[in-house]
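J.: Mind folding the following:
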Amino acid sequence: MLRRDLVHLCLCLAPAALLGCGGDDKQANTGQPPPQQCPPNYYFDGRACVPNQPPPQQQATQPPPASTGPAAPPIATGQAGPTATPLDANAAAAATQALAPLAKQHTPPGAKAYGPAIAGQFQQGQSLESQVQMNPGRCYTVVGAGLPQVQELDIQILPTLQMPGMGAPVMAGDQTTGPTSVVGANPNCFKWPMPMAAPVRVVVTVKAGSGPAAAQVYEK
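T.: Just a heads-up that it's a prediction; the model follows:
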């Protein structure tokens, strides 16, 4: 009799025990950690809270700046130095005689001396210049020579107009070093590019040394 009563009691208590063990299904322990709570504008990436931002592959990329190409080379400018002492033909004979072999070597066949020679007694840095009318369809060569005390002679062809205090653009200049100078050597004589005649400045400068020097323009 006692045994049957105990079995009956166990059967009555079983539903209550099951309810007591399971509890509310909303609070069931699933074995997983609770979801991570992050501050506003942050999200949990599985390891930590990180700011809200698009993944790197979604971020807009800026195109590289367009290439502007190589910079244009600066324009060479020139200007005359302090004025040297002009010399007449007799006083400058030693310098002008040195022009003939230079002209024979560097001017094109048939070129003729054009205008008077530019001659003077130079100190270092001094210049002499002359205006020469250049004509369309013609080409020009300028040769210059200094006596041995002249170490560097320079000749440039410049326009007659220039801004005050600024150098004028060099239309043509010699590429030689030493006491002689040649502009527009054959076969590359300086061709006048304008459709009408116009004057230019032929500037002769002793860059180093001192002494007599002369230059002559030839036209063909």
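J.: contacts, neighbours, all on C-alpha from now
T.: OK.
J.: Can you point out the buried residues in the top strand by length along the chain?
T.: Counting residues, the longest strand in the chain under DSSP state E turns out to be strand 198-209. Residues of strand 198-209 classed as buried by neighbour count (16 or more other CA atoms under 10 Å): V200, R201, V202, V203, V204, T205, V206, K207, A208, G209.
J.: what are the C-alpha coordinates of it, in PDB please?
T.: Once non-C-alpha atoms are left out, strand 198-209 reads as follows in PDB (Å, rounded to 0.1, in the frame of the first residue of the first chain):
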ATOM      1  CA  ALA A 198      62.300  95.700 -88.800                       C
ATOM      2  CA  PRO A 199      65.300  96.900 -86.700                       C
ATOM      3  CA  VAL A 200      67.000  94.700 -84.100                       C
ATOM      4  CA  ARG A 201      69.700  95.300 -81.600                       C
ATOM      5  CA  VAL A 202      73.100  93.500 -82.000                       C
ATOM      6  CA  VAL A 203      74.700  93.500 -78.500                       C
ATOM      7  CA  VAL A 204      78.400  92.700 -78.100                       C
ATOM      8  CA  THR A 205      79.500  92.000 -74.500                       C
ATOM      9  CA  VAL A 206      82.800  91.100 -73.000                       C
ATOM     10  CA  LYS A 207      81.800  88.700 -70.200                       C
ATOM     11  CA  ALA A 208      85.400  88.000 -69.000                       C
ATOM     12  CA  GLY A 209      88.700  89.800 -69.500                       C
END
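J.: Can you tell me what sits against the helix or strand following it?
T.: Going down the chain from strand 198-209, the next helix or strand is strand 211-219, by DSSP states H and E. Applying CA atoms under 8 Å, 6 or more residues apart in numbering, the contact partners of strand 211-219 are 92, 95-96, 99, 107, 111-123, 138-150, 204.
J.: Could you give the backbone dihedrals for T96?
T.: Per-residue torsions, T96: phi -70, psi -30 (degrees, to the nearest 10).
J.: Oops, could you answer that again for P116 instead?
T.: Backbone torsions for P116, taken as degrees, to the nearest 10, come to phi -80, psi 160.
J.: give the contact list for it.
T.: Q216.
J.: so how far is A215 from it?
T.: Per CA to CA, to the nearest Å, P116 is found 9 Å from A215.
J.: from the contacts of strand 211-219, which ones fall inside helices?
T.: A95, T96, L99 (DSSP state H).
J.: Neighbour count, distance to V132 and pLDDT added to these, as CSV?
T.: Shown next, in CSV, are those (neighbours: other CA atoms under 10 Å; distance: CA to CA, whole Å; pLDDT from 0 to 100):
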residue, neighbour count, distance to V132, pLDDT
A95, 22, 21, 87
T96, 23, 18, 89
L99, 22, 18, 94
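J.: Would you write a ChimeraX line that selects the buried entries of the contacts of strand 211-219?
T.: Buried members of the contacts of strand 211-219, defined by 16+ other CA under 10 Å, are picked up in ChimeraX with:
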select :92,95,96,99,107,111,113,114,117,118,119,120,121,122,123,139,140,141,142,143,144,145,146,147,148,150,204
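J.: Looking at the buried residues of strand 198-209, which one is closest to P51?
T.: Of all the buried residues of strand 198-209, K207 has the smallest distance to P51: 69.7 Å, by CA to CA.
J.: That closest one is in contact with L153, isn't it?
T.: Yes: using CA atoms under 8 Å, K207 is in contact with L153, at 6.0 Å.
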